[in-house]
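Asker: quick one: sequence and predicted model below, then my questions.
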Amino acid sequence: MALAFAGVTKRFGSRAAALVDVTWSIGRGARACLLGPNGAGKSTSIRLLQGALQPSSGEVTLLGARVSGPDYRAARRRTGIVPQGPGMYRDLTTREYLDLARRLYGRGSVDNALDRFGLGDHGAKMLAQLSGGLQRRVSLAAALLAEPDVLLLDEPTVGLDPVAAHDVHQMLREIMVDRTTLLCTHNLAEAEALCDEVVILRGGRVLLHERLTVLRRRTSPYLVLRARQGGEALAAALTMQGHEASVLDGAVRVALPDPQDAAPQLLRGLLNAGFDVYECRPGHASLEDLFLEAMSAGDARDVMA
Amino acid sequence: MNPASNEVRSLLWKELRQLRRSRGALASTTLLPIFMLLVVPFMQLAAFRSMDTAQIAAANPTNQAMLARFERPIDLYTTLILPLFVALTGVIVPAVATSYAVVTERERRSLDLLMALPVAVADVLVAKVVSVMVVAFAVVLPLFTINMGVMLALGVLEPLRVILHLMVLLGAFTCSIGVNFVVTIVARDFRTANNLSGLQVLPAVALTPALLLTLPTVLGFLALASALAAVGLVALFIAWRWISFERYLA
């Protein structure tokens, strides 16, 4: 396993536990996202993995090394971390910070990192003088400088404007290939685009841990239709034909076992019935749908408890 | 944890670069010892050389018994006034650098950026202790050497007293670094740290007269140096046992 939590509880003084008997792990090469509402325990999990916090009980391992054990330092040198919106040094240049990273990792090239992340013109600037997007690039450059096996990304695009966030996404797509990655985020679209495994935390407990493909198989695929006559009329016609149809933002969703196969015949029927259908596309449950569903299930469980 | 490890050396390199660029910290750590080791002691020396014992006794009617051991005013100067300034300099100069090195890292949240790299809290703190010591030595020792050189040249001090003053200075450094580590880690921001740092002159102010005026001269100096060092080492021990990234980040 690349990262593992075994029965981990983390308490901060007399406050409620941030993590409660949490057990989950991800294998080498996996690209997992850690999701959950505020206070779910995401950042605590990342800080436990980076050795900044020690578990109150249980065991956290990184690349097989216990976080408090003697092998952890070596495992840590094989791990790149992008922190969540850190403060930037006013008295350390980009090149100096990357050089510090190179010294601490014991390998890597500062010049290559500057080139790879488009920071060549900013090497002599103080970190605090850089724009938010460039600062995030510096964090990525430092994390990737030593070509780590594992990447821990804590809200890598939070606080960035859409252009800078897009820029960071492009970089993440490239650097996450063949690397074990744990992406901690609130951005579900980001998680869906970049990850193939999801861990959902809530109230310091694991609510769900599954591969996205498996989650999607559990939900019915559907066909999305729009017609000039409006969603309500279209849904009524489809219901009359024996389909299960629902209206969302003017579009009709029809649950079908195989939307691509069923679409032509269904579409012909609607056109023959006089509907001016101008959109017809297959769809599947988004991560947002799955996340909200998991949260609702969690609510139901809480009520039952 | 190895103080000479690659991690500590790398972090020390970073700390020294940052301290070198901090004009405020450098100005404070340079101007203050110039004032306390050169300007004031030499002015005081001139004043004490022009006084007689009767004037001092008249100025301190409540301390007659304590002052009776000093045959000449200059003896009071070399036994109490000069070592007090040396102890205060040794306490105050590292305090400024410690506050800068420890508190600003947390206050500006650059500690999160540092923590993203493969370092442990012990590495970070050792590098900060060493960097503060380097700055304190680099700034204070040349000024101390000038002071002691002039005192030797004027015949005010003999070589043994110079060594004893050096021991007091080293003890004060240790006291300052230890106490300031506790203070700066407890303090939530730079202003609070500076306010609390003011309290740490108390050991020097309290111990210097208490030990130098009550014990025989050499023993008094040795006791003062040891007591100051002990305060610092106890504080460092407390800091070491108490601090984790958790507390430092909190």
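Answerer: Now that the structure is in, tell me what you want to look at. Residues are numbered from 1 along each chain as shown, chains lettered A, B, ... in the order given.
Asker: burial count for residue 94?
Answerer: The chain I'm using is chain A. 30 (other Cβ atoms under 10 Å in any protein chain shown). Every residue, glycine included, has its C-beta placed from N, CA and C.
Asker: was after chain B, sorry
Answerer: Number of residues near B:Pro94 (other Cβ under 10 Å) recorded here: 33.
Asker: per-residue confidence for whichever residue of the stretch 51-200 of chain A sits closest to chain B?
Answerer: Residue nearest to chain B within the stretch 51-200 of chain A: A:Gly87 (3.0 Å; Cβ to the nearest Cβ). For A:Gly87, the model assigns a pLDDT of 88.
Asker: repeat that for B:Phe245.
Answerer: Looking at B:Phe245, its pLDDT is 53.
Asker: and if you look at B:Asp75?
Answerer: 85.
Asker: mind listing what it touches?
Answerer: By Cβ atoms under 8 Å, 6 or more residues apart in numbering or on different chains, the contact set of B:Asp75 is empty.
Asker: returning to what we had before: list the contacts for the residue of the stretch 51-200 of chain A closest to chain B?
Answerer: By Cβ under 8 Å, 6+ apart, the contact list for A:Gly87 reads B:Arg108, B:Arg109, B:Ser110, B:Leu111, B:Asp112, B:Leu113.
Asker: the stretch 151-300 of chain A: strands as residue ranges?
Answerer: In the stretch 151-300 of chain A, the segments counted as strands under DSSP state E, counting those that start in this stretch are A:180-184, A:197-202, A:205-211, A:222-227, A:245-248, A:251-255, A:277-283.
Asker: again but with chain B, I slipped
Answerer: Remark: strands of chain B are absent; assignment by DSSP state E.
Asker: just for it, where's the confidence low?
Answerer: Regions of chain B meeting the criterion pLDDT under 70 cover residues B:1-4, B:53, B:56-57, B:59-68, B:242-250.
Asker: from the middle of its chain, how far away would the lengthiest helix in it be?
Answerer: Looking across chain B with DSSP state H, the single longest helix is helix B:121-153. Centroid separation for helix B:121-153 versus its chain: 9 Å, with Cα atoms, centre = their mean, to the nearest Å.
Asker: mind listing what the nearest residue to A:Arg173 once chain neighbours are set aside touches?
Answerer: Of all residues not flanking A:Arg173 in the chain, A:Leu194 sits nearest, at 6.8 Å (Cβ to Cβ, 6 or more residues apart in numbering or on different chains). If a contact means Cβ under 8 Å, 6+ apart, then A:Leu194 has A:Arg31, A:Cys33, A:His169, A:Leu172, A:Arg173, A:Met176, A:Thr181, A:Leu183 as its contacts.
Asker: and A:Arg28, by the same measure?
Answerer: Here A:Arg28 is in contact with A:Met1, A:Ala2, A:Asp149, A:Thr180 (criterion: Cβ under 8 Å, 6+ apart).
Asker: specify the local secondary structure of it.
Answerer: coil (DSSP: H, G, I helix; E, B strand; the rest coil).
Asker: can the contacts of A:Arg28 go into CSV with extra columns for neighbour count?
Answerer: Listed next are the contacts of A:Arg28 as CSV, based on neighbours: other Cβ atoms under 10 Å in any protein chain shown:
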residue, neighbour count
A:Met1, 16
A:Ala2, 23
A:Asp149, 17
A:Thr180, 24
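Asker: how far does the one helix or strand A:Asn112 maps to sit from its chain's centre?
Answerer: Taking DSSP states H and E as the criterion, A:Asn112 maps to helix A:110-116. Taking Cα atoms, centre = their mean, the mean C-alpha location of helix A:110-116 is offset from the chain mean by 26 Å.
Asker: which other residues reach it?
Answerer: A:94-95, A:98-99, A:102, A:119-120, A:122-123, A:141-142, A:144-145.
Asker: out of those residues, who's the most crowded?
Answerer: Result: A:Thr94 is most packed of those (other Cβ under 10 Å), 30 neighbours.
Asker: quick check, it in contact with A:Asp121.
Answerer: No. With contact taken as Cβ atoms under 8 Å, A:Thr94 and A:Asp121 are classed as non-touching, separated by 9.8 Å.
Asker: what residues does chain B put near chain A?
Answerer: Selection of chain B residues close to chain A by Cβ under 8 Å from any Cβ of the partner chain yields B:6-7, B:9-11, B:13-14, B:17-18, B:21-22, B:108-113, B:115-120, B:244-246, B:249.
Asker: please redo it, this time with the cut-off set to 6 Å
Answerer: Residues of chain B lying near chain A by Cβ under 6 Å from any Cβ of the partner chain: B:10, B:14, B:18, B:21, B:108-110, B:112-113, B:115-118, B:245-246.
Asker: flag the shaky bits of the stretch 201-305 of chain A, pLDDT-wise.
Answerer: Within the stretch 201-305 of chain A, the ranges that satisfy pLDDT under 70 run A:298-305.
Asker: assign A:Trp24 to helix, strand or coil.
Answerer: Criterion first, three-state DSSP; result for A:Trp24: strand.
Asker: show me what contacts it?
Answerer: For A:Trp24, the contact set (Cβ atoms under 6 Å, 6 or more residues apart in numbering or on different chains) comprises A:Phe5, A:Val199, A:Val206, A:His209.
Asker: near chain B, which residues of the stretch 51-200 of chain A show up?
Answerer: A:52-53, A:76-77, A:81, A:83, A:86-87, A:89, A:91, A:100-101, A:103-104.
Asker: quick one: neighbours of the residue in the stretch 201-305 of chain A positioned nearest to chain B, just the number.
Answerer: Closest contact between the stretch 201-305 of chain A and chain B, by Cβ to the nearest Cβ, is at A:Gly204 (16.7 Å). Around A:Gly204 there are 22 other residues, counting by other Cβ under 10 Å.
Asker: residues contacting it?
Answerer: By Cβ under 6 Å, 6+ apart, the residues touching A:Gly204 are A:Ala17, A:Ala18, A:Leu19, A:Val20, A:Gly41.
Asker: got the contact list for the last one?
Answerer: Right, the one you point to is A:Gly41. With Cβ under 6 Å, 6+ apart, A:Gly41 has these contacts: A:Ala18, A:Leu19, A:Leu201, A:Gly204.
Asker: name the member of those residues with the most neighbours.
Answerer: A:Leu19 (27 neighbours).
Asker: specify the beta-bridge partners of that residue.
Answerer: Note on A:Leu19: beta-bridge partners A:Lys10, judged by DSSP bridges.
Asker: doesn't A:Lys10 make contact with it?
Answerer: Yes. Proximity of A:Leu19 to A:Lys10 meets the contact threshold set by Cβ atoms under 6 Å, at 4.3 Å.
Asker: common neighbours of these two, please.
Answerer: Taking Cβ under 6 Å, 6+ apart as the criterion, A:Leu19 and A:Lys10 both touch A:Thr44.
Asker: can you get me a residue count around the residue in chain B that chain A sits nearest to?
Answerer: The nearest approach of chain B to chain A comes at B:Arg109, 3.0 Å away (Cβ to the nearest Cβ). Number of residues near B:Arg109 (other Cβ under 10 Å) recorded here: 14.
Asker: check the one 5 residues further on too.
Answerer: One way to gauge burial is a neighbour count; for B:Leu114, by other Cβ under 10 Å, it gives 21.
Asker: figure out the helix or strand that A:Gly51 lives in.
Answerer: Under DSSP H and E, no helix or strand contains A:Gly51.
Asker: looks like it contacts A:Arg66 (just checking).
Answerer: No. Using Cβ under 6 Å, A:Gly51 makes no contact with A:Arg66, being 10.2 Å away.
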